[in-house]
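S.K.: have a look at this prediction, sequence included:
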Amino acid sequence: MPKDMADIETLRPRTLTLRKPTSEDGSAIWDLVRSCKPLDENSMYCNIVQAEHFSDTCVVAEMEGDIVGWISGHMIPNEDALFVWQVAVSPKARGLGLGRRMLEHLIGREACAEANQLNTTITKDNEASWALFRSFAKHVGGELSDEAHYKREEHFDGKHATEHMVTITLPEEDDADSADAA
């Protein structure tokens, strides 16, 4: 159970809840990521450490006691930017706008208050991720840009597609408030 009840957002009463992860969630997170191809699988240990050390900048979504959503992220050191590492949504929770809701939840947290941009990397062929981040940028009134960042030959020895750094400028709080009123 999360220590700070203010960090819980219930999207559907007693059905879908967003919260900070705990180390005990690591195994379920690992299972979720493994079920969400084409996401890169990390070790279960990695997901346990992420859930424990970066709980303020990660989120899990629970539906009827099962973890059906996960975002791992961290604030980039010495920058006012939130880096989103992975977004995973279980097939049984797709179509609910859960990915975008989890992103909105994260940027609303105190730990991310200084972020003026959100960064992530996406391969050109990952249509679901492009759709999610474009939708998120439009919803929050941010601008999305991208450029090749981790390159196939230079970084991955030809074994992985180039990852494009996607940057979404986040509107200042006053801008976001006026966009919500529109």
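M.R.: Looks like it came in fine.
S.K.: which residues sit in contact with the closest residue to D40 other than its chain neighbours?
M.R.: Leaving aside its sequence neighbours, D40 sits nearest to Q86 (C-beta to C-beta, 6 or more residues apart in numbering; 7.7 Å). Just so you know, the C-beta spots here come from the backbone N, C-alpha and C atoms, and that holds for glycine as well. Residues in contact with Q86 (C-beta atoms under 8 Å, 6 or more residues apart in numbering) are V33, L39, D40, W70, I71, S72.
S.K.: by neighbour count, which of those wins?
M.R.: Counting neighbours by other C-beta atoms under 10 Å, the top entry in those is W70, with 27 neighbours.
S.K.: which of the helices or strands spans that residue?
M.R.: W70 belongs to strand 66-75 when assigned by DSSP states H and E.
S.K.: can you list the strands that that strand pairs with?
M.R.: In the sheet, strand 66-75 lines up against strand 59-63 (antiparallel), strand 81-89 (antiparallel) (DSSP bridges).
S.K.: okay, the helix or strand that the longest one is followed by in PDB with CA atoms only?
M.R.: When you say that, I think you mean strand 81-89. Moving toward the C-terminus from strand 81-89, the next helix or strand (DSSP H and E) is helix 98-107. Coordinates of the C-alpha atoms in helix 98-107 are reproduced here as PDB (Å, rounded to 0.1, in the frame of the first residue of the first chain):
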ATOM      1  CA  LEU A  98      -4.300   4.300 -19.900                       C
ATOM      2  CA  GLY A  99      -0.900   5.100 -21.300                       C
ATOM      3  CA  ARG A 100      -1.800   8.800 -21.600                       C
ATOM      4  CA  ARG A 101      -3.400   8.900 -18.200                       C
ATOM      5  CA  MET A 102      -0.300   7.400 -16.600                       C
ATOM      6  CA  LEU A 103       1.800  10.000 -18.300                       C
ATOM      7  CA  GLU A 104      -0.500  12.800 -17.100                       C
ATOM      8  CA  HIS A 105      -0.400  11.300 -13.600                       C
ATOM      9  CA  LEU A 106       3.400  11.300 -13.600                       C
ATOM     10  CA  ILE A 107       3.900  14.900 -14.800                       C
END
